[in-house]
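[1] Provided below for reference: sequence and predicted model.
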Amino acid sequence: EVQLQASGGGSVQLGGSLRLSCVVDGFIYDDYAIGWFRQAPGKEREGVSSIRSSDGDVSYANSVKGRFTISPISSDNAKKTVYLQMDSLKPEDTAVYYCTAVTGVHYWGQGTLVTVSS
């Protein structure tokens, strides 16, 4: 059974930083992507960043480019760990952040709340 655990959310002020962690356990696939989506109140869920296992290729939403950095995938057998370093946070980054793992099937973890106040 694949399980995803997201953590690291919290409350910060404008310009602050947070680091989110995503641990994917029970994941035995060779070709996959791990990443983050977020959903702000009253808005649709949007992709934030992802990294692909095959070549380390990363992607970022335009709104977070230059401020967020996704780490390489750390792999320990069936357990994969990815971090999302979020710097220069803005109030519009306030959302529930969801960790995801994709390999044909899309797996979701529970969300972690990030609140940025001005």
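    Structure received.
[2] beta partners of the residue with the shortest distance to the centre of the chain?
    For the chain, the residue nearest the mean C-alpha position is residue 36 (2.9 Å; CA atoms, centre = their mean). Beta-bridge partners recorded for residue 36 (DSSP bridges): residue 49, residue 99.
[3] which neighbours in the sheet does the helix or strand that contains residue 110 have, and how are they oriented?
    Using DSSP states H and E, residue 110 maps to strand 105-117. Strand 105-117 has the following strand partners under DSSP bridges: strand 10-13 (parallel), strand 95-103 (antiparallel).
[4] what comes up buried for that strand?
    107, 109, 111, 112, 114, 115, 116 (16 or more other CB atoms under 10 Å). Every C-beta, even on glycine, is put in place using the N, C-alpha and C of the backbone.
[5] contacts only, for the spatially closest residue to the fourth one that is not a sequence neighbour.
    Same thing as residue 112. Nearest residue to residue 112, sequence neighbours excluded (CB to CB, 6 or more residues apart in numbering): residue 9, at 3.4 Å. Contact partners of residue 9, counting by CB atoms under 8 Å, 6 or more residues apart in numbering, are 18, 20, 96, 97, 111, 112, 113, 114, 115.
[6] partner strands of the helix or strand hosting the second one, with direction?
    Of the helices and strands defined by DSSP H and E, residue 20 is found in strand 18-25. According to DSSP bridges, strand 18-25 has the following sheet partners: strand 3-7 (antiparallel), strand 79-86 (antiparallel).
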